[in-house]
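J.: Pasted the sequence and its predicted model underneath.
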Amino acid sequence: MKLGFHFLPRIQSLVPESCVLVCVGLVVGGLIKGLGSEPPILKADVFFFYLLPPIILDAGYFLPIRPFTENLGTILSFAVIGTLWNASFIGLLMYTVCRFSGAGLQHVGLLANLVFGSITSAVDPVAVLAVFEEIHINELLHILVFGESLLNDAVTVVLYHLFEELADASVIGAKEVVLGFLSFFVVAIGGILVGTLFGFLAAFTSRFTSRIRVIEPLFVFLYSYMSYLCSELFHLSGIMALIACGAVMRPYVEANISHKSHTTIKYFLKMWSSVSETLIFIFLGVSTFAGEHEWNWTFVSCTVAFCLVGRVLGVLGMTAILNRFRVVKLTSKDQFIISYGGLRGAIAFSLGYLLPDKFPRTMFLTAIITLIFFTVFVQGMTIRPLVELLAVKKKQDSKRSINEEIHTQFLDHLLTGIEDVCGHYGHHHWKDKLNRFNKKYIRKCLISGERSKEPQLIAFYHKMEMKHAIEMVTTGGQPRFHKLSIQDLTRSSTMTERLLPTLSREKEQEVRKILRENLQKSRMRLRSYSRHTLVVDSYEDQWSQMLMKRQRLQSLDARATSQMLAPPNEWDSTKASTVKITTGITPDAAVKEDAASDTKATGGSLPMITVELAEPPSRSTVDVLSKSSTIEEEESSDDGLSRPPISRATSSYRILRFVSDPGPDSKPEDEDTDQS
């Protein structure tokens, strides 16, 4: 049947495979019912313990870690807050319909409607996988919807058991509400811890399987299933345990097991999950004819309408808040696909089948089956044309090139360094810390032999050398030549094709993996930046001293210039009041006569001027030029810096300074020398 479906591309483009499987189940159930026998029903124990674990293990083991971690906040928001919103929205509105409708629904209470809302609020991972993998939606939308369907299991299980227990309680207080809220964290975190523990046990066990390669795939399946059973035994989330176990064990197990064991695990998981998915959808169709059904138009139609409206309102409200913090915003097209892709499936049917008789079980089951058929058939069949109509970006089938992966790793290291410099501890910073801790401690414990220390480039070189040696032995010491056919000789090829070597897909993937894991991380060899632990530069003190000396020179020049160009004081000032002119001319005439005498070519007798100082003289103003010249010589000798000499004032300019400057000391030079 599956072969025929995939060989008919026209049917495949119109109808999803899940719809075909449900139709086959309906036909089989109708035939069994027509023959007078009771059709088999999909029991909850069979579904949760045999059919669901392979699908979740396949999704968790091959989970794309990078896009999942980058969008973890958005996924958790949709899975936790979105599921709580849908459950409360559907439950409260259905309770309102039951209260005010005259269709015989008054006996359905508030807690019963809340239980029904918790069952129908969860997005089913099986249905999402079946539909989204066929339409090849882009990676962002796929990981958002599929991640939500995986992680909302904890919320659904907690709400289901909480409302079921509260229905038996006589009094509901704040204590019960708080305990129910805390039970969500216990169920979710407990499942993750159990799955992580068994993942590390599987990785540690794979260290010692080098001599018995046959049993290597067995440990992967065994520890994964044990984690699921232990979680269900302690009423924890088994789906969360399987996801954590598969994601944790994969990098360490693949480093220990052989290539053949890896191929076995990959194809066995794909085959096992495909068989389980096929059986689930067929049993959904068969179970439709099993048991009794209670059809109520009001209840069923309101269920479908409220599920659609609640999903749309929840996605729009959450996206409006999340887009404020996201770098890559979710567009209106993305929001529509996320809202329209909330499919329900076998999990809702199994939880409805587990309902006790105190609830209207038959009416709830009928509404749940109708909701599943509506989402699988109507939404599943129309989502592909809508994706093409809205021109939503689809997934690229080709893998990224080595160049793209190298640049991606380079940008990761660059962003980590930028976060360290800025002091911002973002997800790049913590991701780098986790990788360093993993390589320093965990890999040494979980990966066997020297493979935890030896770079994989060297290991790949040894592997290629061994393969070449085996070929030399098998060919008797001669290199192996490939036989050429007439088509090869006559094939027209360009010079580029003849010069460029061709690699097989397996070798290209192996080279890509090696380059991705062994890029040079220069940050590992350098100390991280911190403003409290900066290394002092040895040249910093010298440059600071040079700067201080230059500033001191500039200040001295400014002082000398200001004193030389200072305007003369008033004639009635204190310093100029003791000036006596012996020639009997006025002071202005004396100044003019002195200035004119300097310009004359022939000299004459100058008037005698006697100056009586009003205050003790100071040598600071006289020695400005000498000090500046001395500092110039020191600077030129110490630092190699030279400045143009300061031009000395002319005699006429010195004569004109007597009205504003007390002048040089009148004591002899010998006395000055003795004082100094």
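T.: Noted; the coordinates are in hand.
J.: Surely residue 104 is within a strand?
T.: No: under DSSP: H, G, I helix; E, B strand; the rest coil, residue 104 falls outside any strand and is assigned coil.
J.: That one: neighbour count?
T.: Residue 104: 11 surrounding residues under other C-beta atoms under 10 Å. Any C-beta I mention is one placed from the backbone N, CA and C, and that applies to glycine too.
J.: How about it: what's its closest non-neighbour residue?
T.: Distances taken as C-beta to C-beta, 6 or more residues apart in numbering place residue 296 nearest to residue 104, at 7.8 Å, with adjacent residues excluded.
J.: Just the pLDDT at that neighbour, thanks.
T.: On pLDDT, residue 296 comes in at 84.
J.: what kind of secondary structure is residue 334 in?
T.: helix.
J.: how near is it to residue 93?
T.: Distance check for residue 334 against residue 93: by C-beta to C-beta, to the nearest Å, it reads 27 Å.
J.: Count the residues that sit near the residue nearest to residue 104.
T.: 17.
J.: same deal with residue 332?
T.: For residue 332, the neighbour count with other C-beta under 10 Å is 10.
J.: cool, and residue 154?
T.: For residue 154, the neighbour count with other C-beta under 10 Å is 27.
J.: The one 5 residues further on now?
T.: Close neighbours of residue 159, defined as other C-beta under 10 Å, add up to 26.
J.: The one 4 residues further on now?
T.: The local packing of residue 163 (other C-beta under 10 Å) involves 22 other residues.
J.: That one: helix or strand, and which one exactly?
T.: Taking DSSP states H and E as the criterion, residue 163 maps to helix 139-168.
J.: Same question for residue 250.
T.: helix 238-256.
J.: what packs against that helix?
T.: Here helix 238-256 touches helix 52-61, helix 139-168, helix 174-205, helix 216-233, helix 443-446, going by 3 or more C-beta pairs under 8 Å, 6 or more residues apart in numbering; DSSP states H and E.
J.: Return the most buried member of those helices.
T.: Across the helices and strands packed on helix 238-256, averaging neighbours per residue (mean count of other C-beta atoms under 10 Å) puts helix 52-61 on top, at a mean of 24.
J.: which residues are contacting the next helix or strand after that helix?
T.: Toward the C-terminus, helix 52-61 is succeeded by helix 65-70 as the next helix or strand (DSSP H and E). Residues outside helix 65-70 that contact it (C-beta atoms under 8 Å, 6 or more residues apart in numbering): 75, 139, 140, 143, 147, 247, 427, 431.
J.: burial of residue 277, as a residue count?
T.: When neighbours are counted by other C-beta under 10 Å, residue 277 registers 24.
J.: what's the helix or strand for the closest residue to residue 315 other than its chain neighbours?
T.: Leaving aside its sequence neighbours, residue 315 sits nearest to residue 339 (C-beta to C-beta, 6+ apart; 4.4 Å). Secondary structure from DSSP H and E places residue 339 in helix 332-340.
J.: Please apply the same query to residue 507.
T.: Assigned by DSSP H and E, residue 507 belongs to helix 505-517.
J.: State the distance from the nearest residue to residue 30 once chain neighbours are set aside to residue 20.
T.: In space, residue 30 comes closest to residue 289 once its chain neighbours are excluded; the distance is 6.1 Å by C-beta to C-beta, 6+ apart. The gap separating residue 289 from residue 20 is 18 Å, by C-beta to C-beta.
J.: pretty sure residue 163 is touching residue 114, no?
T.: Yes: assessed by C-beta atoms under 8 Å, residue 163 is found in contact with residue 114 at 4.7 Å.
J.: Under the pLDDT cut-off, which ranges of the stretch 1-150 of the chain? List them.
T.: Scanning the stretch 1-150 of the chain for pLDDT under 70 picks out the ranges 1-2, 5-6, 102-103.
J.: Spatially nearest residue to residue 108, not counting backbone neighbours?
T.: residue 98 (4.4 Å).
J.: Surely that neighbour is in contact with residue 111?
T.: No: applying C-beta under 8 Å as the test, residue 98 and residue 111 come out as separate, 12.0 Å apart.
J.: Tell me where the stretch 451-600 of the chain is predicted with low confidence.
T.: Within the stretch 451-600 of the chain, the stretches with pLDDT under 70 are 451-503, 515-543, 563-600.
J.: try it again with 80
T.: By pLDDT under 80, the low-scoring segments of the stretch 451-600 of the chain are 451-547, 557-600.
J.: which residues does residue 300 contact?
T.: By C-beta under 8 Å, 6+ apart, the neighbours of residue 300 are 366, 367, 370.
J.: again, only using 6 Å
T.: By C-beta atoms under 6 Å, 6 or more residues apart in numbering, the residues touching residue 300 are 367, 370.
J.: can you map out the helices along the stretch 301-450 of the chain?
T.: For the stretch 301-450 of the chain, the helices defined by DSSP state H, counting those that start in this stretch occupy 332-340, 346-353, 361-373, 380-389, 402-422, 427-437, 443-446.
J.: ranking those helices by mean pLDDT, which is last?
T.: helix 402-422 (a mean of 81).
J.: Which elements pack onto that one?
T.: Applying 3 or more C-beta pairs under 6 Å, 6 or more residues apart in numbering; DSSP states H and E, one finds that helix 402-422 contacts helix 427-437, helix 505-517.
J.: Serialize those to CSV and add fields for mean neighbour count and distance to residue 268.
T.: Below are the helices and strands packed on helix 402-422 laid out as CSV (neighbours: other C-beta atoms under 10 Å; distance: least, C-beta to C-beta, whole Å):
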stretch, mean neighbour count, distance to residue 268
helix 427-437, 15, 30
helix 505-517, 14, 19
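J.: In the helix holding residue 339, which residues are buried?
T.: For helix 332-340, burial by neighbour count (16 or more other C-beta atoms under 10 Å) applies to 334, 335, 336, 337, 338, 339, 340.
J.: between the residues you listed, which is closest to residue 121?
T.: Nearest to residue 121 among these: residue 339, at 13.8 Å, using C-beta to C-beta.
J.: how near is that closest one to residue 318?
T.: From residue 339 across to residue 318, the span is 11 Å (C-beta to C-beta).
J.: So residue 96 versus residue 302, what's the distance?
T.: Taking C-beta to C-beta, one finds residue 96 at 9 Å from residue 302.
J.: Contacts for stretch 126-137, please.
T.: Contacts to stretch 126-137, defined as C-beta under 6 Å, 6+ apart, come from residues 16, 18, 55, 142, 145-146, 149, 277, 280, 343, 345-346, 380, 384, 387, 394-395.
J.: and with 7 Å instead?
T.: 16-18, 55, 59, 142, 145-146, 149, 277, 280, 337, 341, 343-346, 375-376, 380, 383-384, 387, 392, 394-395 (C-beta atoms under 7 Å, 6 or more residues apart in numbering).
J.: And stretch 305-313, by the same measure?
T.: Residues outside stretch 305-313 that contact it (C-beta under 7 Å, 6+ apart) are 85, 86, 89, 90, 93, 94, 120, 339, 342, 371.
J.: Can you convert those residues into JSON lines and add a column each for distance to residue 351?
T.: Output for these, formatted as JSON lines (distance: C-beta to C-beta, whole Å):
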{"residue": "85", "distance to residue 351": "19"}
{"residue": "86", "distance to residue 351": "14"}
{"residue": "89", "distance to residue 351": "18"}
{"residue": "90", "distance to residue 351": "14"}
{"residue": "93", "distance to residue 351": "20"}
{"residue": "94", "distance to residue 351": "16"}
{"residue": "120", "distance to residue 351": "9"}
{"residue": "339", "distance to residue 351": "23"}
{"residue": "342", "distance to residue 351": "16"}
{"residue": "371", "distance to residue 351": "12"}
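J.: Would you mind measuring the gap between the ends of stretch 229-246?
T.: Separation of the first and last residues of stretch 229-246 by C-alpha to C-alpha, to the nearest Å is 15 Å.
J.: Between residue 96 and residue 302, point out the one with more neighbours.
T.: Taking neighbours as other C-beta under 10 Å, residue 96 and residue 302 compare with residue 302 leading, 20 against 13.
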